[in-house]
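Asks: Structure of the sequence below:
(one chain, ligands or ions: 1)
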Amino acid sequence: MAIAIAIIVLVVATVLFHFLSPWWFTPIASNWDTVDSTVDVTFWVTGIVFVAVNLFLAYALIRYRHRKGNKAHYEPENKKLEWWLTGVTTVGIAAMLAPGLSVWAKFVTVPEDASVVEVLGQQWAWSYRFPGKDGELGASDARLISADNPFGMDPKDPAGQDDVLVSDPQLHLPLDKPVKVLLRAKDVNHQFAVPQFRVKMDMVPGMVTHFWFTPTRTGEFDVLCEQLCGVAHFAMRGRVVVNTAQEFDTWLAAQPTYEKTLAASKGDAAAGQTLFATCTACHGAQAEGNRELNAPKLSGQSDWYLVRQLQSFKGGVRGTHDQDTYAKQMIPFASMLADDTAIKNVVAYIKSLPEVRPTASVVGDPSRGKRLYETCAACHGSQATGIWATNAPRLSNMSDWYMARQLQHFRDGIRGGHPQDFHGAQMRSMAKTLADDTAIADVLDYVRTL
Ligand SMILES: [Cu+2]
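Replies: Purely as a prediction, here's the structure:
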């Protein structure tokens, strides 16, 4: 009897939870309301079966419970009942699957007037490509990918010259225009998913998968990777901003074409030397760092990382938190660098400076640190030399007191909290894996041994 009551309570509680729970679909922002309908159909079919089967079980437990003097009647087969059950199950399963098939067919059948955007997934970041004025994406190949060619563009294909390259996890799309989304992966399987659009599709290296949708309201929507793609899979975040056509056109026009990125200056160390004169006051003549002035060592650091940080300071992405007083000192000096060419020049000069070994100041337990560093190695490399492909800078042979402070700042949300700071946000979630300042000291003491 107790079991029967427990089952009835379970059924009632489940149904109540289903209708009262706040965890329901986010408000839809695309044309795919049919996706919601298919989920609704599944809920109805499985819900009715769940209630019917469990209530029947409870009924049978009560009706046929043990009573003195009663003997059970054994009925091994019942042709009629079996036909009924087979028939009802078939109808139920067909009702669940058939709508999905027809919606799926529409999901991958792209309308003629759809524009095209390519999404590129990698551990653990997103980037995007538009076809440019000719309406055609140029050829690309994973084998051509390098720091200078992150999209793996084929330089010989004329169709690729005007392709628009968005090296940022944030994509913009115009409102009410159907768009065909082509998906490529650089390294392992990923999945492009935007819950409000009700879209998701696997990204498989060596394959181009696709689907289409029409954004139906403006706003910002999260891009998630919904395929377990490695230790930092949860940190693979991006954003789609749906704009009016005019706002979108302005944004798109400001993005560089492949041709432009090729022509962009590689940085001139001689020109950078003059610019670096002001930096020496804090960072030292050899960019060796100065603890008294809180300015870290820059020599030996990857050039692409230094460029990004200077752009972040300048663009208000780093150093905007009230408590980030050290980073705030950097903002006026980064802003003195007039444009990207100046930034690249000064970084080219820093790159030409000789390496010095910074003095160690953080003391911890390197053997504990070694274990903690295992996760970090996925992005920063086993020797902590930094990996361009994961956007993670060099840590070995850099100022340890500075890194300790950065890890505290990431952990406490002082660095990496700006909505445009996708790389910082990634490191923020990783810094939280270090329980306290002792763990930070341990891991940095281990990094020093590399
Ligand atoms: Cu992924």
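Asks: Leaving out chain neighbours, which residue sits closest to T46?
Replies: The shortest distance from T46 to any non-neighbouring residue, by CB to CB, 6 or more residues apart in numbering, is to M96 (7.5 Å). All C-beta atoms are positioned from the backbone trio N, CA, C, and that covers glycine.
Asks: and the one you found, how far is that from the ion?
Replies: According to CB to the ion, to the nearest Å, M96 stands 29 Å off from the ion.
Asks: chain center to the helix or strand that residue falls within, what's the gap?
Replies: Assigned by DSSP states H and E, M96 falls within helix 79-108. For helix 79-108, the separation from the chain centroid amounts to 36 Å (computed by CA atoms, centre = their mean, to the nearest Å).
Asks: do the same with stretch 214-229
Replies: 10 Å.
Asks: Likewise for stretch 78-87?
Replies: 50 Å.
Asks: With stretch 254-267 instead?
Replies: Put simply, stretch 254-267 sits 25 Å off its chain's centre (CA atoms, centre = their mean).
Asks: next one: stretch 432-446
Replies: Remark: stretch 432-446 is offset 25 Å from the chain centroid, using CA atoms, centre = their mean.
Asks: For that stretch, list the C-alpha coordinates in PDB.
Replies: Provided in PDB are the C-alpha atoms of stretch 432-446 (Å, rounded to 0.1, in the frame of the first residue of the first chain):
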ATOM      1  CA  LYS A 432      38.100  29.600  -9.800                       C
ATOM      2  CA  THR A 433      39.500  26.100  -9.900                       C
ATOM      3  CA  LEU A 434      42.300  27.300  -7.700                       C
ATOM      4  CA  ALA A 435      40.800  27.100  -4.200                       C
ATOM      5  CA  ASP A 436      42.800  29.800  -2.400                       C
ATOM      6  CA  ASP A 437      46.000  31.900  -2.400                       C
ATOM      7  CA  THR A 438      48.100  28.800  -1.300                       C
ATOM      8  CA  ALA A 439      46.900  26.900  -4.400                       C
ATOM      9  CA  ILE A 440      47.900  30.000  -6.500                       C
ATOM     10  CA  ALA A 441      51.400  30.000  -4.900                       C
ATOM     11  CA  ASP A 442      51.800  26.300  -5.500                       C
ATOM     12  CA  VAL A 443      50.900  26.400  -9.200                       C
ATOM     13  CA  LEU A 444      53.200  29.400  -9.800                       C
ATOM     14  CA  ASP A 445      56.100  27.800  -8.000                       C
ATOM     15  CA  TYR A 446      55.700  24.800 -10.200                       C
END
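Asks: list the buried ones in it?
Replies: For stretch 432-446, a neighbour-count test (16 or more other CB atoms under 10 Å) marks 434, 439-446 as buried.
Asks: Stretch 241-260 now?
Replies: Buried residues in stretch 241-260, counting neighbours by 16+ other CB under 10 Å, are found at 241-243, 248, 251-252, 255-258.
Asks: again with stretch 34-52
Replies: Neighbour-count burial for stretch 34-52 [16+ other CB under 10 Å]: 35, 38, 41, 45, 50.
Asks: how deep is the residue nearest to the third one when sequence neighbours are not counted tucked in, by neighbour count?
Replies: The reference is to V41. Nearest non-adjacent residue to V41, counting by CB to CB, 6+ apart: P99, 5.5 Å away. Number of residues near P99 (other CB atoms under 10 Å) recorded here: 18.
Asks: who's in contact with P99?
Replies: Applying CB atoms under 8 Å, 6 or more residues apart in numbering, one finds that P99 lies in contact with 34, 37-38, 41.
Asks: can you put those in JSON lines and add pLDDT?
Replies: Converted to JSON lines, the contacts of P99 look like this (pLDDT from 0 to 100):
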{"residue": "T34", "pLDDT": "93"}
{"residue": "S37", "pLDDT": "92"}
{"residue": "T38", "pLDDT": "93"}
{"residue": "V41", "pLDDT": "90"}
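Asks: Tell me if I'm right that H18 and F43 touch.
Replies: Yes - under the criterion of CB atoms under 8 Å, H18 makes contact with F43 at 7.4 Å.
Asks: give me phi/psi at the residue in the stretch 1-150 of the chain that the ion sits nearest to?
Replies: In the stretch 1-150 of the chain, the residue that lies nearest the ion is G121 (5.8 Å; CB to the ion). Main-chain torsions, G121, degrees, to the nearest 10: phi -110, psi 140.
Asks: what's the burial count for it?
Replies: G121 has 28 neighbouring residues, counting by other CB under 10 Å.
Asks: quick one: it and V242, what's the gap?
Replies: Distance of G121 to V242, computed by CB to CB, to the nearest Å: 20 Å.
Asks: Outside of stretch 32-43 itself, list whatever touches it.
Replies: Contacts of stretch 32-43 (CB under 8 Å, 6+ apart): 18, 25, 28, 95-96, 99-100, 103, 106-107, 197-199, 213.
Asks: go with 6 Å
Replies: Contacts with stretch 32-43, where a contact means CB atoms under 6 Å, 6 or more residues apart in numbering, come from 96, 99-100, 103, 198.
Asks: wait, which of the residues you listed is closest to H418?
Replies: H418 lies nearest to R198 out of these, by CB to CB, at 28.9 Å.
Asks: Settle this for me: D324 is touching I414, isn't it.
Replies: Yes - using CB atoms under 6 Å, D324 makes contact with I414 at a distance of 5.0 Å.
Asks: More neighbours: those two, which one.
Replies: More neighbours surround I414 than the other of D324 and I414, with 20 against 17 (other CB under 10 Å).
Asks: what helix or strand does that one sit in?
Replies: Counting by DSSP H and E, I414 is part of no helix or strand.
Asks: ditto for the one 4 residues further on
Replies: Per DSSP H and E, H418 falls between elements, in no helix or strand.
Asks: Can you give me every residue that contacts it?
Replies: Contact analysis of H418 by CB under 6 Å, 6+ apart lists 317, 320.
Asks: Just to check, E226 is in contact with N189?
Replies: No - contact criterion CB under 6 Å: E226 and N189 do not qualify, at 10.7 Å.
Asks: Name the residues of stretch 109-122 that are buried.
Replies: Result for stretch 109-122 [16+ other CB under 10 Å]: buried residues 110, 116-122.
Asks: was I right about V443 contacting G369?
Replies: Yes - the pair V443 and G369 qualifies as a contact (CB under 6 Å) at a distance of 4.4 Å.
Asks: Surely N345 is in a helix?
Replies: Yes - judged by DSSP: H, G, I helix; E, B strand; the rest coil, N345 forms part of a helix.
Asks: does the nearest residue to it once chain neighbours are set aside belong to a helix or a strand, and which?
Replies: Leaving aside its chain neighbours, N345 sits nearest to G272 (3.7 Å; criterion: CB to CB, 6+ apart). Element membership of G272 [criterion: DSSP H and E] is helix 269-283.
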